[in-house]
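# I would like the atomic coordinates for the input below:
(chains A and B)
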Number of protein chains: 2
Amino acid sequence: MYINGKTIFFNSQPVVIGSAGVVGKKEGEGPLRNNFDAIFEDTTMGQESFELAESAMLHDAIIRALTNAKRSPADVDFAMTGDLLDQCVGSCFALKDLQIPFVGMYGACSTMALTLANCAMLVDGGAKCCVGGASSHFCSSERQFRFPLEYGGQRPPTAQWTVTGAGAAVVEQQSEENREDSIRITAVHIGKITDLGIKDANNMGAAMAPAAARTISEFMEDTNTNTEDYDLILTGDLGYTGTELLHELLEIEYSKNIQSIHGDCGLMIFDLKKQDVNSGGSGCGCSASVLCSHIMKKMKAGDLHKVLFVATGALMSPTTTKQGQAIPGIAHAVLLER
Amino acid sequence: MYINGKTIFFNSQPVVIGSAGVVGKKEGEGPLRNNFDAIFEDTTMGQESFELAESAMLHDAIIRALTNAKRSPADVDFAMTGDLLDQCVGSCFALKDLQIPFVGMYGACSTMALTLANCAMLVDGGAKCCVGGASSHFCSSERQFRFPLEYGGQRPPTAQWTVTGAGAAVVEQQSEENREDSIRITAVHIGKITDLGIKDANNMGAAMAPAAARTISEFMEDTNTNTEDYDLILTGDLGYTGTELLHELLEIEYSKNIQSIHGDCGLMIFDLKKQDVNSGGSGCGCSASVLCSHIMKKMKAGDLHKVLFVATGALMSPTTTKQGQAIPGIAHAVLLER
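The predicted model follows:
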C-alpha cells in the first residue's frame, strides 16, 4: 500500500470474494426485506441471552459469507470483527469456536468500515484471506446503553433504533485476469477522532456527522475526486438528523454537495414513516448488514460501480455520558469498485 | 509478510524506534521502579474521573514514546490502541486530540501484543509509522468489573491487581544498514480463542494460561525453535497461579519446558510478598508498561537479544460472567530481536 494525504491506496487491489448480511424480524419487515441473506423471526436465535443471540447472528453471517466465498474457517488468516457490547463480547463469543486468528476491533458503529479497511490492508500486505465483520442487537444494546427493555421509556425524535443484524465480508487477493468482475477495494481511509462537543446521547447523528463530513471531504481531496465520480456515497447510520447535518456541514464547511448520490444505511433499512424508529436505524449491525447484502448484491448485478462506504461511530460509553463528557465521532471510509 | 502455519514473518523487518511505559504510585514502589519512564504519584492525573485519568496516562505514554522516537503525532499513519473500559473509551479519549488516524482494538489484557503485531504488519505492508499502545487503571477497572472501591471486598488468593499504567511503542520501517542496533520485530502470531471452560472471574490466570501455552507452542513449531533459542519468553499477566498452570500445561500437553527463560510481567511489576497484590499484576497496562520501558531498555542495553512477548487476554465482560458463561482466553505473540 501507499499513502497519499491520509488515504491508503493498494498495489494489489484486494477483492471482496463473498459477503452476507443477516437481520432480525423488524429489519426483515423493512424496505430491504428481499435483499438480506437471512431474516431471523426469533431474534433470540434460540440462545439464553440477547448477548449470545448477537454472537450467534455474527457467527451466522461469517459462516454465510465464507460459504458465499467458497471458503472454510481454516482458510482464513485473520478475522477482524467488533461490536457495541462491553469488552466486545459479541465478537469474542461469535469467534470462539471458529478457530480463526482473531483481531478484536472497536470502532462503535463505524466497525464494518474499520474491519473491512484493515482486512484490505493486511491482504495487500501479504495475507491470503481475511474476514471483516460487525454486529449489533436491539435488545443487548438497549439494556446496556439505555434502559431495561421492560421500562418502555419515551424516545426523543432524534433517537435511533439499534439494528438487530450482522454482516461479514471475505477479502482476498485476486490475480489480475479475474479481477474485472470482482468487487475491488481500491482505497481506504482511517478516520481521525472529531469532537465538536455534542453531549446528547440521544442524538448520535449529530455526534457523528462532523466526522463523516471530514472523512468524505479529505478522501475526495486525497483522491482528487468529486461527487460526480461516485455512484453512491453510503454513510453508516447517521439517520434523518445526522444526514441533514452532514449535508449542511459539507456545504458550509467544505463547499461540497453529495445529496444526489448520498444514501444512509440507517434510513434505508427501515421505513421511517411506518416502523416507529424515530430518526432511523443505528448500531454496527446496520451498515454491516446493508453493505454486505443489499449493496454487494447491487454491485455484483452491475447496478452500482463505484461506492464510497463511510461508516461513522460515536465514541462514548454509558459511563462517559453520565460523567458529562462530549461524544467524539469517527468515520472510516472504504472505496469499492467493480 | 508471509505466513507459515499461523505465524507471520516479515520481508521488511519493522523496528521499534521508540517506546515508553508509565505507571502509578503503587507500581512505582515495586521492583521495576527505576525502569519506568514516569511514575505518577497522583493517579487521578488531575482529571475529574478515573476513566479520564486512564486516558491521560495513555496519552502521556504515546507522547513520550513519540518523543523518544523523535517523531510528532503528524508523522504517524495509524495509532492502534485499546484498553479494558466499556467501549474502549480509555483509548478514544486518549487519542481524541492527537489527530492521528485511529484504529481501536480490543484484546483484553493481550492488547499490547495485538496492537504491536498489527503495527508491524501494517508497517511491513507499506505504512511509514505506526503507534501501538494499551492502558489500564486500577480504579476504573475495579469499579467496572468488580465492586465500588469504597466497598473494600475481600479478594481470593488467585485474584490479581489491575496495574495503573500505560505503554506505547512506535514502529517504523528502517533501511538495512541502520537495522543492526535496532529492536526488530521479526515475527508475530495472532492467537485463536481458547476456551477450557474456566468460569471464575477471580482467576484470570487459569482462564488465560491455556491460550498462552497454545500460542507459545504453535509459535515454536512454526518457527522451528526451542526454549534455548530465546533469552526471554515474556507473558503478559498470568500472575502466580497462571504461571504455574502455564508451566504444567506446556509440559503435559506440549512436552515443552520454558521455566528457565520465562518471565511474567504480572510477577515482575509487583513484589508479591510485600505489596498485597495476591497473585500478581494484571490489566493491559501491566504488560504494556513493562514491555515498553523495562524490557525495551534491557534490549537496547544489549542485556536481552531475543524476546518472545506473549500477552494474554481473558475475553469476558461483567455481563457474560453474571450470565454464567465461561471465560475464553487468547494470546498474541511478538518476537523482538536485536
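# Where does A:G205 fall, secondary structure wise?
A:G205 is part of helix A:204-223, with elements assigned from DSSP states H and E.
# Look up phi and psi at the residue in the stretch 1-150 of chain A positioned nearest to chain B.
As assessed by C-beta to the nearest C-beta, chain B sits closest to A:G125 within the stretch 1-150 of chain A, at 2.8 Å. Where C-beta positions appear, they are placed from N, C-alpha and C, glycine not excepted. Main-chain torsions, A:G125, degrees, to the nearest 10: phi -80, psi -10.
# That one reaches A:F10, doesn't it?
No: applying C-beta atoms under 8 Å, one finds A:G125 not in contact with A:F10, separated by 9.5 Å.
# Compare neighbour counts for the two and give me the winner.
A:G125 (24 against 21; other C-beta atoms under 10 Å in any protein chain shown).
# Averaged pLDDT, the helix or strand A:I8 falls within. What do you get?
In this assignment (DSSP H and E), A:I8 forms part of strand A:7-9. Taken as a whole, strand A:7-9 carries a mean pLDDT of 98.
# now it, how far from the centre of its chain.
19 Å (C-alpha atoms, centre = their mean, to the nearest Å).
# Now find how far off-centre the helix or strand that it is followed by is within its chain.
Next along the chain after strand A:7-9, taking DSSP H and E as the criterion, comes strand A:15-24. The chain centroid and the centroid of strand A:15-24 are separated by 11 Å under C-alpha atoms, centre = their mean.
# helices or strands up against strand A:15-24?
strand A:38-40, helix A:50-68, strand A:165-172, strand A:183-189, helix A:284-289, helix A:296-300 (3 or more C-beta pairs under 8 Å, 6 or more residues apart in numbering or on different chains; DSSP states H and E).
# Buried residues of the shortest one, list them for me.
Within strand A:38-40, the residues that qualify as buried by neighbour count (16 or more other C-beta atoms under 10 Å in any protein chain shown) are A:A38, A:I39, A:F40.
# Point out the other helices and strands that it packs with.
Checking 3+ C-beta pairs under 8 Å, 6+ apart, strand A:38-40 ends up next to strand A:15-24, helix A:25-28, helix A:50-68.
# go with 10 Å
Where contact means 3 or more C-beta pairs under 10 Å, 6 or more residues apart in numbering or on different chains; DSSP states H and E, strand A:38-40 is packed against strand A:15-24, helix A:25-28, helix A:50-68, strand A:165-172.
# Model confidence score at A:N202, please.
89.
# Tell me which residues touch A:M121, please.
A:1, A:8, A:10, A:14, A:127, A:130, A:171, A:185, A:188, A:190, B:78, B:103, B:118, B:121-122, B:125-127 (C-beta atoms under 10 Å, 6 or more residues apart in numbering or on different chains).
# Residue numbers of the stretch 201-338 of chain A in contact with chain B?
When proximity is defined by C-beta under 10 Å from any C-beta of the partner chain, the stretch 201-338 of chain A lies next to chain B at A:215, A:313-320, A:322-328, A:330, A:332.
# quick one on the thing from earlier: in the helix holding A:G205, what's buried?
Neighbour-count burial for helix A:204-223 [16+ other C-beta under 10 Å]: A:204-220, A:222-223.
# burial of A:I261, as a residue count?
For A:I261, using other C-beta under 10 Å, the count is 17.
# Wait, it touches A:H247, no?
No: checked against C-beta atoms under 10 Å, the pair A:I261 and A:H247 is beyond contact range at 11.9 Å.
# gap between stretch A:267-281 and the chain center?
Distance, centroid of stretch A:267-281 to centroid of chain: 17 Å (C-alpha atoms, centre = their mean).
# same check, this time on stretch A:62-82
Worked out by C-alpha atoms, centre = their mean, stretch A:62-82 lies 17 Å from the chain centre.
# so can I have CSV of the helices and strands packed on strand A:15-24 showing distance to B:G281 and mean pLDDT?
Formatted as CSV, those follow (distance: least, C-beta to C-beta, whole Å; pLDDT from 0 to 100):
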stretch, distance to B:G281, mean pLDDT
strand A:38-40, 43, 98
helix A:50-68, 29, 98
strand A:165-172, 36, 98
strand A:183-189, 37, 97
helix A:284-289, 33, 98
helix A:296-300, 46, 98
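# quick one, phi psi at the nearest residue to A:L95 once chain neighbours are set aside?
Distances taken as C-beta to C-beta, 6 or more residues apart in numbering or on different chains put A:F102 closest to A:L95, at 4.8 Å, once the chain neighbours are dropped. When read as degrees, to the nearest 10, the backbone of A:F102 gives phi -120, psi 120.
# residues in contact with A:F102?
A:F102 touches A:78-81, A:91-92, A:94-96, B:107, B:114, B:190-193, B:315, B:328, B:330, B:332, counting by C-beta under 10 Å, 6+ apart.
# Filter these down to the buried ones.
A:78-81, A:91-92, A:94-96, B:107, B:114, B:190-193, B:315, B:328, B:330, B:332.
# A:G24 contacts A:C286, doesn't it?
No: using C-beta under 10 Å, A:G24 and A:C286 do not qualify as a contacting pair, with a distance of 11.5 Å.
# if you look at the residues of the stretch 201-338 of chain A next to chain B, which of them are in strands?
Among those, the residues falling in strands (DSSP state E) are A:G313, A:A314, A:I330, A:H332.
# so where's chain A shaky on pLDDT?
A:177-180 (pLDDT under 70).
# swap the cut-off to 80 and go again
A:175-180 (pLDDT under 80).
# Name all residues that make contact with A:P101.
A:76-80, A:95, A:127, A:130, B:3, B:6-8, B:117, B:189-193, B:215, B:330, B:332.
# Then A:S293?
A:19-23, A:32, A:34-38, A:61, A:64-65, A:165, A:167.
# so what's A:H247 closest to, chain neighbours aside?
A:Q259 (5.6 Å).
# Actually, A:A326.
A:G197 is the one closest to A:A326 (C-beta to C-beta, 6+ apart), at 4.7 Å.
# Report the secondary structure element holding the one you found.
A:G197 belongs to no helix or strand, assigned by DSSP H and E.
# doesn't A:I327 make contact with it?
Yes: the criterion here is C-beta under 10 Å, and A:G197 meets it with A:I327 at 8.8 Å.
# picking that back up, so which of the ones in strands among the residues of the stretch 201-338 of chain A next to chain B is the closest to chain B?
A:I330 (6.4 Å).
# Show me what residue of the stretch 151-300 of chain A gets nearest to chain B.
For the stretch 151-300 of chain A, C-beta to the nearest C-beta, closest residue to chain B: A:I190, 3.7 Å.
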